[in-house]
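1. any chance you could fold what I've pasted below:
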Amino acid sequence: MSIDTATRNNIILGAVSMTGPVGDSSSEWDTRLIANAKRLTTLLSDGSNVARTIQILDEAKKFVGTIVYVGKEKTSKRGFVVIKTGTDRDEHGLETVRTEIVEGNDSVTAFAKDLRENMIGHRVLLYVEMQVGKTPDKKFRILQHVDDLGEDTSITDEDLENGRARAAKDMKR
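-> So this is what the prediction gives:
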């Protein structure tokens, strides 16, 4: 990555902002400033986790639905989410997505926990990435992010039961 003057100056200003006031020791402040400048520079690189996340969300399929079930698929170690979208491909208007692998990934674990504990019955904007499996013909819909649009007051106990039934049918055990 070649950094132009404007980008370099923005990194410096961002690092100064992150570092805060100089305090008693200017040499300690310089050390923190350089560490923050390095961090910002790596965040800007194409291969950084932040850059990858931005690209995934930018390219993701986005659609609205209501979460009616969240569980964990034991074989894939992924979260399994059932959404009521009203699709005509299912008699109850349900679709499914999976999360990234949960085990060993604290941010995905927190995301799945938030879905399970706070989002069932909520209308959400979903950001879904298509990932290719071990063979090119096998593709998975991976839920990368949701924006909470609030509780869906039209969801019934029957909708939630249909979500559990769909999970029991489709979720790999």
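2. phi first, then psi, for residue 71.
-> When read as degrees, to the nearest 10, the backbone of residue 71 gives phi -140, psi -180.
3. that one: how many residues sit nearby?
-> By other CB atoms under 10 Å, 17 other residues sit near residue 71. C-betas here are computed from N, CA, C, even on glycine.
4. I figured it hits residue 171, correct?
-> Yes: here residue 71 reaches residue 171: they are 6.2 Å apart, a contact under CB atoms under 8 Å.
5. shared neighbours of these two, anything?
-> Shared contacts of residue 71 and residue 171, defined by CB atoms under 8 Å, 6 or more residues apart in numbering, are found at residue 80.
6. domains in the protein, as residue ranges please.
-> Structural domains assigned to the chain are 5-45, 58-170, following automatic domain parsing.
7. pLDDT (mean, whole number) over the last one?
-> Spelled out, it's domain 58-170. Confidence over domain 58-170, taken as the mean pLDDT, stands at 95.
8. quick one: distance of that domain to the chain centre.
-> 11 Å (CA atoms, centre = their mean, to the nearest Å).
9. pick the most buried one from the domains of the chain.
-> For those, ranked by mean neighbour count under the definition mean count of other CB atoms under 10 Å, the leader is domain 58-170 at a mean of 16.
10. touching the longest helix anywhere in the chain from outside, list them.
-> The helix that spans the most residues within the chain, counting by DSSP state H, is helix 26-44. Here helix 26-44 makes contact (CB under 8 Å, 6+ apart) with 1, 3, 7, 11-12, 14-16, 18-19, 22-23, 48, 50-51.
11. one more pass at 7 Å, please.
-> Contacts to helix 26-44, defined as CB atoms under 7 Å, 6 or more residues apart in numbering, come from residues 1, 11-12, 14-16, 18-19, 22-23, 48, 50.
12. I'd like to know which elements the helix or strand residue 166 falls within is packed against.
-> The secondary structure element spanning residue 166 is helix 157-170 (assigned by DSSP states H and E). In terms of contacts (3 or more CB pairs under 7 Å, 6 or more residues apart in numbering; DSSP states H and E), helix 157-170 is packed against strand 61-73, strand 78-84, strand 94-101.
13. who does the closest residue to residue 115 other than its chain neighbours bridge with?
-> If the residues on either side of it in the chain are set aside, residue 115 comes closest to residue 70, at 4.7 Å by CB to CB, 6 or more residues apart in numbering. Residues in a beta bridge with residue 70, per DSSP bridges, are residue 81.
14. cool, residue 101 as well?
-> Listed by DSSP bridges, the beta-bridge partners for residue 101 are residue 78.
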